[in-house]
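[1] build me a structure from this.
(chains A and B)
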Amino acid sequence: MSAPDLAGAGTAMAAPEPWAQRLAPTLHRLGVTKGAETRGAVALIGLGLAWLVFAVMLFSNKGVGFGTIIYAILGLGLALWLLRVLTDGRRLVIALPMIWLLLFFLAPFLVVFKVSVAEQLIAQPPYSPLFTWAEGKLQITAHLENYQFLLEDRFYIDAYLTSIRIAAISTILCLFVAYPMAYAIARSSPAWRNTLLMLVILPFWTSFLLRVYAWIGILNNNGVINNFLMWLGVIDEPIVMMQTNFAVYVGIVYSYLPLMILPLYTTLEKLDGTLLEASADLGAGPIRSFLSITLPLSLPGILAGCLLVFIPAVGEYVIPALLGPSDTLMIGRVLWDEFFTGRAWPIASAVAIAMLLFLVAPIMLFRNAQGQTGEER
Amino acid sequence: MRSGSFLLIAASLGFLFLYAPIVSLVVYSFNDSRLVTVWGGFTTKWYGELFKDVALVNAALVSLKVAVIAATLATILGTIAGFVLSRFGRFKGRLLFTGMVTAPLVMPEVITGLSLLLLFVGLEQATGWPAGRSATTIIIAHTTFCLAYVAVVVQSRLAGFDRSLEEAAMDLGARPLKVFFSVTLPIIAPALISGWLLAFTLSLDDAVIASFVSGPGSTTLPVEILSRVRRGVSPVINALATLIIVVVAVGFLIASLLMIRAERQRRRDEQKALAGK
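    A predicted model of the protein is given here:
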C-alpha cells in the first residue's frame, strides 16, 4: 500500500468522503449502487462486516463450518440487494409487485413440486418431508412413484384427453352460437348496438356459479324442458339430460358465450362494408361473399375468442361437477377429488405439475407466439 | 333479404339462450313449492327465509369484506405492475416479471387453489404464520389472481395514452413521482375503476380457489352456495340469485347511463371548443 492511500485511510474517521469516493466507482461498476451514494457505500460495507462478525459469533459454538459461511454470504447478498432496491426508485417500484408474485405465485409451485415427490402419510400435513436432517447430514428423499402412478393408470391420461376433447367441442359449438350474434350486433344500427352489447355483457357480471346452477333446474328430469315437452305430449318419459356430456357442453357454451362474442364483434365491426358491396356487384352470392371475405377477415377475432373460451374450459371444475356425469371426468375435477375426497395431496400435486407441463405451458407458448405475430402485423 | 332474416332469427335465439336461464331462476324464486321446478303458486317467502339463513348471510358478509380488500390490494399492485410493463422498457428479470403477471390469466383455478393452500400449509409449519386458513388467506389468494387482470387493464390503457403530457410535466421540472400522481394517475383513473370493479367481481365470484384456502370460520358466499347446490336445487338459492341479478342489473344500468352522459358532455365541450375558435 502506498503512502497517499494510507493517508486517505487515516482521515477517513473524520471525513469519510476520500476513501469512500474511491470505492464508489468500483461499487458502481459492480452494480451495487447507482454512483454518488458514497455514504450508502460506507454504511453498506459496515453492515456487511458487522453481519460477518455476527454470523461467525452466532455459529462459532458449533464451530465455524460450511453453514456459517453460507449464512454469511446469504446475509451479505440480501443486504446488498436491499440497498440496491432502496436507493433506486425505479427498482423499488418493480420490487413491490415482484416480491408479492414471487412469494404468492412462484413459490407455491415449488411447494407443489416438493409435495408431488413426497409419500402420502396419515399425518398433518399428509405427506412426507423432502429434506430431513439426520446425523448432521442433509438427506433428500424424493419419491417418483406418484408420477409413475399417473403414467401407468389409464384413468389420468383419459381424464386429460377427455378435458381437451370436451373443451375443444364446446369451443367450436360456442363459435357457432356466437358468430351470428356478433355479426348481427355489428350490422345493427349504432343506437341498438350499445344496448345489445350491454345485454351480452350483463350476464357475465352476475354470478358464474348461479348461472351454471340455473341449468340444473332447466335440464333436470323434472326440469323446465322435460315438463314442457311432457305437457305438450311430445314425450311420455323425461329425457335424461342432467349428468351427461351434453349438459357439460351446454354449461360451457352458456358460461363463456360473452367471451366469444366480444372479440368476434370487435373484428366484425371493423369490417369494411364496401368489400361486401364490391363482391356482390361482381356477382358473388351471400354465401360466397361470406366465405371469401367476411370469414377470412374475422379470423383474428375467431382465434382470440376460441382461446378465451378454451383456456378456462379445459381446467374447469364447477361445470363438470354440477352438470356432468360421474364417470367421464375432466382433469380439474380429478385433481379436486384426489385432494378433497381422497386426501391424496402428493397425487393431486403430481396431477397439478403434469397439468402445468402439458396444458398451461403449451397454452402460454402458443399465446406468446400469437402475440409476436400480432406485433409483426 | 334472406340472409338478413336468418341473422335476425339466429341472434334472437342466441339472446333467448342467454336470458332464458336467468328468467327461469327469477320465476322459480317466487314459486310456492319446495320442488323448485313444479309451480305451486306465487310467494315471496323464500326471500324471508334467505335473510333468516345465518350461514348464508355470514358468508355474504365474509365475501364482501374479502372482495373489497382483495380488489383494493390488487388494484394497487396491479397498477404498479401494469405501469412497469408498459413504461419500464428492459430491466433484469423482465421476462420473469411478465410471465408471473400474465400466467394467472391462463392458470386453471384448481392449480392456483392447490398451490396456494400447500404454500400456506408449508409456511405455517415453518414459521407459524398464517395460523390456519382464514379470511386473510383468501384475501392473499384473490389479490394474487386479480392483480393480473388489473395489470392487463392498466397496461392496455397506458398503451393508448398520449405520452407528451408526461413529457411536458417533466420538462416543467416535475419529479417522476409527482408526474405519476398529478398527470398519469388522473388520466388512467377510469381504467383503475374498471380494474377495481373487475377484481371485485372476480373475487365475489370465485368458488374454486376459495374452497381450497378458506377455513371453517371463513366460508365465502360462493363456497357456501357450491356446497349447497351439490346437494340439489333449493328455492332459497333462487331467491339469492334473483337479488344478485337485480343488484347487478341496476348497478350496470346506472354505470352505463353515467357513461352515456359523460360522453355527451364531452361531445358538447368539444363542439363548444370548436365554435369558440
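
[2] helices of the stretch 101-250 of chain A, residue ranges please.
    A:107-116, A:145-152, A:154-187, A:190-205, A:208-219, A:224-232, A:245-270 (DSSP state H, counting those that start in this stretch).

[3] any chance of those helices in CSV with mean neighbour count and distance to chain B as columns?
    Heads up, the C-betas are built off the backbone N, CA and C, glycines and all. Shown next, in CSV, are those (neighbours: other CB atoms under 10 Å in any protein chain shown; distance: least, CB to the nearest CB, whole Å):
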stretch, mean neighbour count, distance to chain B
helix A:107-116, 21, 4
helix A:145-152, 15, 14
helix A:154-187, 19, 4
helix A:190-205, 16, 5
helix A:208-219, 23, 4
helix A:224-232, 15, 6
helix A:245-270, 22, 6
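
[4] will you turn those helices into TSV that also has mean pLDDT and distance to residue B:157?
    TSV is the format used below for these (pLDDT from 0 to 100; distance: least, CB to CB, whole Å):
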stretch	mean pLDDT	distance to residue B:157
helix A:107-116	91	29
helix A:145-152	88	43
helix A:154-187	93	24
helix A:190-205	87	18
helix A:208-219	91	25
helix A:224-232	85	42
helix A:245-270	94	17
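
[5] so can I have TSV of those showing distance to residue B:25?
    Putting the helices of the stretch 101-250 of chain A into TSV (distance: least, CB to CB, whole Å) gives the following:
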stretch	distance to residue B:25
helix A:107-116	36
helix A:145-152	39
helix A:154-187	20
helix A:190-205	11
helix A:208-219	5
helix A:224-232	11
helix A:245-270	13
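
[6] which one, of those, ends up nearest to residue A:277?
    Set against residue A:277 and scored by CB to CB, the helices of the stretch 101-250 of chain A come closest in helix A:154-187, at 13.3 Å.

[7] so which elements touch that closest one?
    Contacts defined by 3 or more CB pairs under 8 Å, 6 or more residues apart in numbering or on different chains; DSSP states H and E place helix A:154-187 against helix A:145-152, helix A:190-205, helix A:245-270, helix A:299-314, helix A:331-340, helix A:345-355, helix B:2-28.

[8] quick one: buried residues of the fourth one?
    When you say that, I think you mean helix A:299-314. A:300-302, A:304-314 (16 or more other CB atoms under 10 Å in any protein chain shown).

[9] nearest to chain B, of the residues you listed?
    residue A:311 (5.1 Å; CB to the nearest CB).

[10] nearest residue to that closest one other than its sequence neighbours?
    Nearest residue to residue A:311, sequence neighbours excluded (CB to CB, 6 or more residues apart in numbering or on different chains): residue B:106, at 5.1 Å.

[11] ok, how many other residues are close to the one you found?
    Residue B:106: 19 surrounding residues under other CB atoms under 10 Å in any protein chain shown.

[12] surely it meets residue A:310?
    No: counting by CB atoms under 8 Å, residue B:106 does not reach residue A:310; the two are 10.1 Å apart.

[13] quick revisit: ok, which of the helices of the stretch 101-250 of chain A comes nearest residue B:130?
    helix A:107-116 (13.4 Å).

[14] how about stretch B:132-143: buried residues?
    Residues B:133, B:134, B:135, B:136, B:137, B:138, B:139, B:140, B:141, B:142, B:143 are the ones in stretch B:132-143 that count as buried (16+ other CB under 10 Å).

[15] re earlier: with distance to residue A:89 as extra columns, can I get the helices and strands packed on helix A:154-187 in a markdown table?
    Output for the helices and strands packed on helix A:154-187, formatted as a markdown table (distance: least, CB to CB, whole Å):
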| stretch | distance to residue A:89 |
| --- | --- |
| helix A:145-152 | 46 |
| helix A:190-205 | 38 |
| helix A:245-270 | 38 |
| helix A:299-314 | 36 |
| helix A:331-340 | 42 |
| helix A:345-355 | 38 |
| helix B:2-28 | 48 |
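
[16] looking at those helices, spot the one closest to residue B:217.
    Proximity to residue B:217 (CB to CB) singles out helix A:331-340 among the helices and strands packed on helix A:154-187, at 18.4 Å.

[17] can you check the pLDDT for the closest residue in space to residue A:363 that isn't next to it in sequence?
    Nearest residue to residue A:363, sequence neighbours excluded (CB to CB, 6+ apart): residue B:106, at 5.1 Å. On pLDDT, residue B:106 comes in at 90.

[18] alright, I will stop here.
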